[in-house]
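K.L.:
model the structure of this input:
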Amino acid sequence: MAGIYIHIPFCKQACHYCNFHFSTHRGLQETMLEAIAQELKMQRDYMQGERVDSIYLGGGTPSLLEVAALDKLLVQVAQLFVLADDVEVTLEANPDDLHLVKLKELKVVGINRLSIGIQTFQDGLLRYLHRIHDSQQAIASVQGARKAGFDNLTIDLIYGIPTQGQAMWEADLTRALSLQPAHIAAYCLTIEPKTVFGHWQRKGKLTPVAEEVAARQFESLVETLEVNGYEHYEISNFSRPHHYARHNTNYWKQGSYLGVGPGAHSYNGQTRQCNVRHNQQYINGIQQGVIPCTVEVLHNKDHINEYIMTRLRTKWGCDLAWLKTQYGYDLQQEQRVRIDQFTAQQLVRLESSRLFLTKKGKLLADEITAALFVV
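P.N.:
Predicted structure coming up:
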């Protein structure tokens, strides 16, 4: 199983919380798309002929591109790589881009999954986040997607927003459920230093929500979605049966993936690489026949830590027997004291040589994972 990620680094406006690589200046857009197409050619052997089961167009805001431009990229991928017959092709989209005519055109060119960045249905919070859409556009985008034939839909939500009370969050969950998406991804707001919110925090204009408030919102998220038939298969992801996000699941299961575009990451089992997060530098490199990236050769310790980091977040947990066979590392033996401590605190559980986070443990996933790393 392998995936291809294509990073489209353009947005109409900057959200106050976003730390992804993007630009609101689109003068380089055509040149950028040509460079991305060229990088696909340059990287055609990166995954050594593995079958591609997922293509993910992310960003930035890839939905702001004309459908013809997206189609050109997808045709290029199909010409260069071996695709599964049922390849999942996901487009990250903002609600304001998804009018019915465009949705139908997206379906025709092969997009078969949408990840719609709604974040909240509260108009006041949308303005606070500096989102470009409003709640009515959010609802209409999902309804329009269904009319256009999209059944595989993700709604993205954010909790832990300053001024977002419990009642607002529960109202967002109720509204999201009323739209019956196949998949819901919900993320706790993180205040990143190089964002507007980060600047506000340094100036004392923003106070992050208390940990106990965010924890309560996470708990209500899990309770509400599980009661309504969604499987909590990764910390931030919930799915109806048979609708896991295939591309992200490949990440969590250590599958190979190629990332093209500025800031994109790639992994082929032996190395990891990251393209430069600068549009002009990226374009210049590609035009000179060089992929402007840093490459990290992964050692045994890196593989072990990555496995712990990704798998412990999921419903599949860490397979300790596989970890020992594959990398010669006995996690249960080497981290016996910590595992016993976490078990006594009801943060993890051990079942048939697999280590899982409990519901309580999911609130402390990052801390638990870091404590189990090989250093």
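K.L.:
so which bits of the helix or strand hosting Arg272 are buried?
P.N.:
In this structure, Arg272 sits in strand 271-275 according to DSSP states H and E. Neighbour-count burial for strand 271-275 flags Arg272, Gln273, Asn275 (criterion: 16 or more other C-beta atoms under 10 Å). In short, each C-beta sits where N, CA and C put it, glycine included.
K.L.:
now, which of those residues sits nearest Lys104?
P.N.:
When the buried residues of strand 271-275 are ranked by distance to Lys104 (C-beta to C-beta), Asn275 comes first, at 32.9 Å.
K.L.:
what is that closest one paired to in the beta sheet?
P.N.:
Residues in a beta bridge with Asn275, per DSSP bridges, are Cys293.
K.L.:
what sits against it?
P.N.:
His7, Gly259, Val260, Gly261, Pro262, Gly263, Ala264, His265, Tyr282, Ile291, Pro292, Cys293 (C-beta atoms under 8 Å, 6 or more residues apart in numbering).
K.L.:
where do the helices sit along the stretch 51-200 of the chain?
P.N.:
For the stretch 51-200 of the chain, applying DSSP state H, counting those that start in this stretch gives helices covering 67-80, 100-108, 123-129, 135-147, 166-178, 196-202.
K.L.:
next, format these as CSV and append distance to Val89, mean pLDDT and mean neighbour count.
P.N.:
CSV is the format used below for the helices of the stretch 51-200 of the chain (distance: least, C-beta to C-beta, whole Å; pLDDT from 0 to 100; neighbours: other C-beta atoms under 10 Å):
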stretch, distance to Val89, mean pLDDT, mean neighbour count
helix 67-80, 7, 98, 16
helix 100-108, 9, 98, 16
helix 123-129, 28, 98, 17
helix 135-147, 14, 98, 18
helix 166-178, 23, 98, 17
helix 196-202, 32, 97, 17
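K.L.:
okay if I get those helices as CSV plus distance to Leu312?
P.N.:
Below are the helices of the stretch 51-200 of the chain laid out as CSV (distance: least, C-beta to C-beta, whole Å):
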stretch, distance to Leu312
helix 67-80, 32
helix 100-108, 35
helix 123-129, 30
helix 135-147, 32
helix 166-178, 25
helix 196-202, 28
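K.L.:
if we can go back for a sec, give me the buried entries from the contacts of Asn275.
P.N.:
Looks like the contacts of Asn275 have His7, Gly259, Val260, Gly261, Pro262, Gly263, Ala264, Tyr282, Ile291, Pro292, Cys293 buried, using 16+ other C-beta under 10 Å.
K.L.:
can you tell me the closest non-neighbouring residue to the fourth one?
P.N.:
What that stands for is Gly261. His7 (3.2 Å; C-beta to C-beta, 6 or more residues apart in numbering).
K.L.:
now swap in Arg26 and tell me
P.N.:
Phe10 (5.2 Å).
K.L.:
next one, pLDDT for the one you found please.
P.N.:
Looking at Phe10, its pLDDT reads 97.
K.L.:
gap between it and Lys324?
P.N.:
46 Å (C-beta to C-beta, to the nearest Å).
K.L.:
where along the stretch 251-375 of the chain do the strands fall?
P.N.:
For the stretch 251-375 of the chain, the strands defined by DSSP state E, counting those that start in this stretch cover 256-260, 265-267, 271-275, 293-297, 318-319, 348-351, 354-357.
K.L.:
kindly reformat those as a markdown table containing mean pLDDT.
P.N.:
Formatted as a markdown table, those follow (pLDDT from 0 to 100):
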| stretch | mean pLDDT |
| --- | --- |
| strand 256-260 | 98 |
| strand 265-267 | 97 |
| strand 271-275 | 96 |
| strand 293-297 | 97 |
| strand 318-319 | 97 |
| strand 348-351 | 96 |
| strand 354-357 | 98 |
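K.L.:
which helix or strand contains the spatially most central residue of the chain?
P.N.:
Central residue of the chain (C-alpha atoms, centre = their mean): Asn248, 6.4 Å from the mean position. When elements are assigned from DSSP H and E, Asn248 belongs to helix 246-252.
K.L.:
quote the end-to-end distance of stretch 157-168.
P.N.:
Taking C-alpha to C-alpha, to the nearest Å, stretch 157-168 runs 12 Å from one end to the other.
K.L.:
let me redo that: stretch 334-350
P.N.:
15 Å.
K.L.:
buried residues, it. List them.
P.N.:
Of the residues in stretch 334-350, those buried under the neighbour-count criterion (16+ other C-beta under 10 Å) are Gln335, Ile339, Phe342, Leu347, Val348, Leu350.
K.L.:
I'm done for today, thanks for sticking with me.
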